[in-house]
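Trainee: Build me a structure from this.
(one chain, ligands or ions: 2)
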Amino acid sequence: MWRTRGCLLQSSTLFRQSLRVLSSNSTSAVGVSNINQVVSDGTPSFTANESPTSAEEPSQSRFQKPKEKYKGSIDNAETAKFAAIAETWWDHYGPYKPLHAMNPVRLSFIRSALCHHFRKDGDTAKPLDGLKVVDVGCGGGLVCEPLARMGAQVLGVDAVEKNIKVASAHAIQDPSTSSIQYRCTTAEQLVLEKQEFDAVLALEVIEHVADPMEFCKSLAALAKKDGMVIISTLNRSISSYGLAIVGAEYILGWLPKGTHDWSKFMTPEELALLMNRASLSMEEMAGIVFSPLTQRWSLSDDTSVDYIASSVKKQK
Ligand SMILES: C[S@@+](CC[C@H](N)C(=O)[O-])C[C@H]1O[C@@H](n2cnc3c(N)ncnc32)[C@H](O)[C@@H]1O
Ligand SMILES: [Mg+2]
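Mentor: Ligands and ions are numbered 1, 2, ... in the order given. Here you go, the predicted structure:
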């Protein structure tokens, strides 16, 4: 079972829904090709014609047909977009304006999820004291810095060297963030190094990686036993197409045109499926919504555009 703000949802229901989407011959071509892409990066793990017959989660072999050796999470075309605007991470009115604007809201979710899971008092000055956290795809360190101020021991990693330089240069300006360690590397490299963390974050990253399933498995492998993995991403919906692409990139000009590829977005059901297959048990999910009326961001039951989900590494 995992809960959204205000309601409990059975993950089994979601799996059934996901499988219906995966197996339905009436599913749109976009949906089917995307799911295959999400699940296996180019090598379809199963197609509409080989749909599962039961509503239960299909066997591993059904999902994981032999495929090319995993070549890592980096999609060069995606990382090039971030390298091109690396100097703008701390410009609150630049391309990362939406990330700055949604920061208090997503940090409130993260703080609450971590404090609840690790039985920490969220009302103290340093509620995350003692927790070892890695922020994968940390960009300029927009989340690493407040986490360090909350007492966490933070490692920020990003595939783009320029991002790491900008993040490091910014963090050392303040004693409360100078303890953050930054490295230009990937989740899979940290797994090879057998690194482990209490909490693993990947915020607005999974829609930019080469193989979301393998990426998710790396995130899970980085979590200690009973550790937490928190992922945020964009839903693949009509609303996200209208708001995150047409609105943010073309009308409001918040982001450079072409920042996002809608077909790489993931529905909450697909993320739940990926997490389950990576031995992560989803705990809580919340939508991150922007109100044009109040010009404010908030957490909501509405996951139709952007959402964040916490999960716990299952016991093996
Ligand atoms: C949309 S930004 C999000 C930045 C940060 N997580 C935040 O929310 O403020 C995506 C980041 O992921 C990084 N990235 C993309 N692919 C990556 C990969 N395979 N491994 C690590 N970082 C990656 C990009 O360089 C970029 O900094
Ligand atoms: Mg993004």
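
Trainee: all contacts plus neighbour counts: C-alpha atoms, from now on.
Mentor: Fine.

Trainee: All the helices of the stretch 51-200 of the chain, residue numbers only.
Mentor: Taking DSSP state H, counting those that start in this stretch as the criterion, the stretch 51-200 of the chain contains helices spanning 60-63, 76-84, 97-117, 144-149, 161-171, 187-192.

Trainee: quick one, which of these is packed in tightest?
Mentor: Highest mean neighbour count of the helices of the stretch 51-200 of the chain: helix 144-149, a mean of 23 (counted as mean count of other C-alpha atoms under 10 Å).

Trainee: packing partners for that helix?
Mentor: strand 153-158 (3 or more C-alpha pairs under 8 Å, 6 or more residues apart in numbering; DSSP states H and E).

Trainee: Can you say which of the helices of the stretch 51-200 of the chain is nearest to Thr303?
Mentor: Evaluated with C-alpha to C-alpha, the helices of the stretch 51-200 of the chain place helix 97-117 nearest to Thr303, the distance being 13.3 Å.

Trainee: Mean confidence (pLDDT) on the closest one, please.
Mentor: Throughout helix 97-117, pLDDT has a mean value of 96.

Trainee: in the protein, what spans have low per-residue confidence?
Mentor: Residue ranges of the chain with pLDDT under 70: 1-67, 242, 316.

Trainee: near ligand 1, which residues of it show up?
Mentor: 73-74, 79, 82, 99, 136-139, 142-143, 158-160, 186, 202-205, 208-209 (C-alpha under 6 Å from any ligand atom).

Trainee: among these, which ones are buried?
Mentor: 73-74, 82, 99, 136-139, 142-143, 158-160, 186, 202-205, 208-209 (16 or more other C-alpha atoms under 10 Å).

Trainee: who are the neighbours in contact with Gly247?
Mentor: Gly253 (C-alpha atoms under 8 Å, 6 or more residues apart in numbering).

Trainee: same thing but at 10 Å, please
Mentor: Contacts for Gly247 (C-alpha atoms under 10 Å, 6 or more residues apart in numbering) come out as Ser239, Ser240, Tyr241, Gly253, Trp254, Leu255.

Trainee: for this protein, what spans make up the strands?
Mentor: 2-4, 7-9, 132-136, 153-158, 181-184, 197-203, 223-234, 280-291, 296-300, 306-313 (DSSP state E).

Trainee: mind saving the C-alpha coords of the fourth one as CSV?
Mentor: Presented in CSV, the C-alpha positions along strand 153-158 are these (Å, rounded to 0.1, in the frame of the first residue of the first chain):
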residue,chain,number,x,y,z
GLN,A,153,25.7,14.5,5.4
VAL,A,154,25.3,15.2,1.7
LEU,A,155,26.9,13.9,-1.4
GLY,A,156,25.7,15.5,-4.6
VAL,A,157,26.5,13.8,-7.9
ASP,A,158,25.8,14.8,-11.5
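
Trainee: Could you check the angle that strand makes with helix 76-84?
Mentor: Comparing the axes of strand 153-158 and helix 76-84 via axes from the mean of the first three to the mean of the last three C-alpha atoms, to 10 degrees yields an angle of 110 degrees.
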